[in-house]
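Asker: show me the folded form of this:
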Amino acid sequence: MTGSPLLTVDGLTVSFQHGREQVTAVREVSFELDRGECLAIVGESGSGKSVTARTLMGLTGGRSTIRAREISLAGTDLTALDESRWRGMRGSRIAMVHQDALVALDPLRRVGAEIAEPLRRHRVTTWSDTPAKVRSLLAEVGVPEPAERARQYPHQLSGGLRQRALIASAIAAGPELLLADEPTTALDATVQAQVLSLLRELKRGGTALLLISHDLAVVAGLADRIAVMHGGRIVEHGPAEQITAKPRHPYTRALLAAVPALHSKGERLSRTPAQGPAPEPDGCTYVARCPYADERCRVSLPRTADGGALCWYPEIGPVEPPGRAAAEGSKPGEVLLAVEGISRRFRSPGGGWRDAVSGVSFELRSGEAVGVVGESGSGKTSTARIVLGLLEPDAGEVRLRGEPWSGVGERARRRRRGRIQAIYQDPLGSFNPRHTVAKILSEAAGAAGAPRGRERAVRAAELLGQVGLAESLLRRRPLELSGGERQRVAIARALAPGPDVLVCDEPVSALDVSVQAQILDLLADLRRDLGVAMLFISHDLGVIGHVSDRIIVMKDGRVVEAGATGDIFAVPAHPYTRELLAAVPRAEG
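Answerer: Sure, this is the predicted structure:
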């Protein structure tokens with residue numbers, strides 16, 4: 001960097017008051033950022049990266065305490081701003097792009113009105129010139145047919161177009177600094193690549209970017225420098241090529257090791273390099289990133305009578321025995337699920353019909369995992385809904401264990417619903433927030449036929465143990481769990497009826513890469529130990545490659561390619577499959 005930096009953060013510490021307890025989320029964080037430069041802050045949930053970004057927007061809230069030697073933007077002291085001056089800064093000099101555009105955009109306001117607001121608030125254009133400027137901004141961020149899109153509501157746009165519209169709104173007033181907080185996490189690989197390309201163009205135009213992410217592979221191609229955060233501190237900071245190619249800190253190496261790669265099938269992703277000597281065969285797999293780990297954790301773990309491993313700290317509960325081979329799945333057996341030529345049409349908002357699913361056929365056998373991959377709008381989720389019996393096909397049929405599953409009444413399906421269960425992306429939305437984990441799992445056990453009373457409680461504890469969680473979590477409510485713990489509880493609930501088939505719809509897309517790796521390993525173990533078959537839907541080819549025996553590639557409602565995982569990745573036959581593979585971010589330096 002030359003001259004004075006645009007942004008200077010020196011010694012930032014942020015604490016929050018929770019009852020009588022003071023919780024420090026960010027500790028002594030320092031960095032600088034110049035115009036036309038991108039700094040990526042990477043870390044898991046709770047590392048402090050998003051709190052750092054919100055501090056730079058003056059959005060930490062009234063219960064926060066902020067201390068810093070300096071936080072300045074082009075000479076303006078951000079620590080001295082009151083709310084009135086912050087409103088003048090937000091949008092005009094600093095702007096933020098959030099992860100979920102559907103939440104960030106007003107659902108009751110047209111996209112054009114959303115983008116027009118910062119133009120009018122900061123008096124960038126006159127009232128009469130605003131519509132033309134809105135169309136120009138939409139075109140600038142690559143939105144096709146900008147005049148038509150400006151008249152639409154957020155829910156009428158695809159995920160990629162919504163994210164582009166959100167970026168257009170953020171850059172409308174020409175901010176010097178753009179904060180992008182997980183801007184591509186929920187996007188398909190090709191759309192993700194397009195959004196990253198757009199951010200790269202903004203950087204070339206002189207905008208400074210602070211990119212927040214949990215995924216080193218995503219930021220590697222865009223960031224000039226990377227700062228890795230853990231426990232509220234920056235543990236490693238340097239040029240992007242150095243961080244991705246030769247990381248020094250064990251935590252950075254753990255993040256890189258946890259990224260599901262296209263070649264990672266059969267590897268246990270949650271195993272990461274330890275600091276110092278590698279653990280002995282009886283040591284703990286998680287020693288590299290566990291804040292409680294000490295020397296004994298590297299050597300051995302307490303053992304149960306059946307050979308399972310426990311943590312030295314009783315409150316942690318059981319841990320996965322290290323050294324177990326990743327599940328390759330049993331050899332496929334009988335056909336559990338047969339999907340034959342299913343099609344489904346929906347009426348388009350502007351009239352006419354759209355083919356969401358068209359002539360899709362496949363089989364799923366016991367002990368097998370089939371991955372379904374495609375962009376938003378490809379038809380993969382509609383296919384899953386038809387498979388689950390939540391949506392009837394217009395043509396074709398679905399058979400479960402040889403018996404009709406589609407085209408029959410719900411009464412006929414109800415007695416067999418336990419044979420096929422779903423795991424979704426957002427378990428929090430499917431839990432009653434007032435219920436404890438014990439009640440959630442007891443209800444699932446009851447629906448599966450367990451008698452009331454002690455038997456249900458015992459079954460709830462068994463289910464929790466099956467997904468690697470301690471019984472102490474039974475007393476907690478969903479909001480008191482981490483994202484990974486919530487997803488494990490969701491998996492435990494799905495296992496309650498003893499299903500033959502699990503339909504996993506983006507079950508790890510919202511999780512940090514290391515937590516994602518743990519959930520993928522858990523699903524592989526369940527598949528091996530229980531013989532359950534899995535239909536795994538994802539936009540992430542790295543994830544699909546790790547879990548699947550076969551892959552189905554969907555585009556515009558049709559299957560464009562299907563085959564063994566190794567064949568699809570090694571020699572993709574369809575141009576669209578090659579496009580998906582080329583768009584996958586890679587963290588190699």
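Asker: quick one: buried residues of the longest helix seen in the chain?
Answerer: Looking across the chain with DSSP state H, the single longest helix is helix 513-530. By 16 or more other C-beta atoms under 10 Å, the buried positions in helix 513-530 come out as 513-528. All C-beta spots, glycine's among them, are computed from the backbone N, C-alpha and C.
Asker: could you say what helices and strands that helix packs with?
Answerer: With contacts taken as 3 or more C-beta pairs under 8 Å, 6 or more residues apart in numbering; DSSP states H and E, helix 513-530 sits against helix 250-258, helix 483-495, strand 501-505, strand 533-538, helix 541-547.
Asker: for the buried residues of helix 513-530, which one is nearest Leu102?
Answerer: For Leu102, the closest of these turns out to be Gln516, at 21.6 Å, with distances computed as C-beta to C-beta.
Asker: tell me the pLDDT at that closest one?
Answerer: At Gln516 the predicted local confidence, pLDDT, stands at 81.
Asker: ditto for Ala326
Answerer: 32.
Asker: ok, Gly465 next?
Answerer: At Gly465 the predicted local distance difference test score is 88.
Asker: got the contact list for Thr252?
Answerer: For Thr252, the residues meeting the contact criterion (C-beta atoms under 8 Å, 6 or more residues apart in numbering) are Leu216, Val228, Val235, Glu236, Ile243.
Asker: Ala240 versus that one, what's the distance?
Answerer: Thr252 sits 12 Å away from Ala240, going by C-beta to C-beta, to the nearest Å.
Asker: repeat for Pro572
Answerer: According to C-beta to C-beta, Pro572 and Ala240 sit 28 Å apart.
Asker: looking at it, Gly160 is touching Val191, isn't it?
Answerer: Yes - here Gly160 lies in contact with Val191, judged by C-beta atoms under 8 Å, at a distance of 3.5 Å.
Asker: shared neighbours of the two, anything?
Answerer: Here Gly160 and Val191 have Ser376 as joint contacts, going by C-beta under 8 Å, 6+ apart.
Asker: and the helix or strand encompassing Gln192, what other elements does it pack with?
Answerer: Assigned by DSSP states H and E, Gln192 belongs to helix 189-204. Helix 189-204 is packed against helix 159-171, strand 177-181, strand 208-213, helix 575-582, with contacts defined by 3+ C-beta pairs under 8 Å, 6+ apart.
Asker: of all the ones you listed, which lies closest to Gly48?
Answerer: Comparison of these against Gly48 by C-beta to C-beta identifies strand 208-213 as nearest, at 10.4 Å.
Asker: partner strands of that closest one, parallel or antiparallel?
Answerer: According to DSSP bridges, strand 208-213 forms sheet pairs with strand 38-42 (parallel), strand 177-181 (parallel).
Asker: pull the CA atoms of it into PDB?
Answerer: Taking Å, rounded to 0.1, in the frame of the first residue of the first chain, the C-alpha atoms of strand 208-213 are listed here in PDB:
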ATOM      1  CA  ALA A 208     -12.100  -1.000  -0.900                       C
ATOM      2  CA  LEU A 209     -13.600  -4.400   0.000                       C
ATOM      3  CA  LEU A 210     -13.700  -6.000   3.500                       C
ATOM      4  CA  LEU A 211     -14.900  -9.600   2.700                       C
ATOM      5  CA  ILE A 212     -16.200 -11.700   5.600                       C
ATOM      6  CA  SER A 213     -16.300 -15.500   5.100                       C
END
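Asker: and that strand, how far out from the chain middle?
Answerer: Its chain's C-alpha centre lies 17 Å from the corresponding centre of strand 208-213 when counted by C-alpha atoms, centre = their mean, to the nearest Å.
Asker: which SSE is immediately downstream of it?
Answerer: For strand 208-213, the succeeding helix or strand toward the C-terminus, using DSSP H and E, is helix 216-219.
Asker: packing partners of that next one?
Answerer: Counting by 3+ C-beta pairs under 8 Å, 6+ apart, the elements that helix 216-219 packs against turn out to be strand 38-42, helix 240-245, helix 250-258.
Asker: for the first one, which outside residues touch it?
Answerer: For strand 38-42, contacts defined as C-beta under 8 Å, 6+ apart pick out 31, 33, 49, 52-53, 199, 203, 208-216, 219, 222-229, 240, 255.
Asker: right, so the strands paired with strand 208-213: which one is the most enclosed?
Answerer: Per residue and on average, the most neighbours among the strands paired with strand 208-213 fall to strand 38-42, with a mean of 25 (mean count of other C-beta atoms under 10 Å).
Asker: the next helix or strand after it to strand 208-213, inter-axis angle?
Answerer: Next helix or strand after strand 38-42 toward the C-terminus (DSSP H and E): helix 49-56. An angle of 150 degrees separates the directions of helix 49-56 and strand 208-213 when computed by axes from the mean of the first three to the mean of the last three C-alpha atoms, to 10 degrees.
Asker: what is the mean pLDDT for helix 49-56?
Answerer: Taken as a whole, helix 49-56 has an average pLDDT of 92.
Asker: before we move on, what about stretch 9-17?
Answerer: Mean predicted lDDT for stretch 9-17 stands at 93.
Asker: give me the buried positions along that stretch.
Answerer: In terms of neighbour count (16+ other C-beta under 10 Å), stretch 9-17 has its buried residues at Val9, Leu12, Thr13, Val14, Ser15.
Asker: dump these to TSV, plus distance to Arg417.
Answerer: Listed next are the buried residues of stretch 9-17 as TSV, based on distance: C-beta to C-beta, whole Å:
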residue	distance to Arg417
Val9	53
Leu12	51
Thr13	52
Val14	47
Ser15	48
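Asker: nearest to Gly566, of those residues?
Answerer: Of all the buried residues of stretch 9-17, Gly566 sits closest to Val9, with 46.3 Å by C-beta to C-beta.
Asker: what separation do you get for Ala510 and Thr190?
Answerer: Between Ala510 and Thr190 the distance is 19 Å, computed by C-beta to C-beta.
Asker: looking at those two, which one has more neighbours?
Answerer: Set side by side, Ala510 and Thr190 give different neighbour counts by other C-beta atoms under 10 Å, the larger being at Ala510 (21 against 18).
Asker: how about the closest residue to that one other than its chain neighbours, secondary structure?
Answerer: Ranked by C-beta to C-beta, 6 or more residues apart in numbering and with sequence neighbours excluded, the top spatial neighbour of Ala510 is Gln425, at 5.7 Å. When the structure is reduced to helix, strand and coil (DSSP: H, G, I helix; E, B strand; the rest coil), Gln425 reads as coil.
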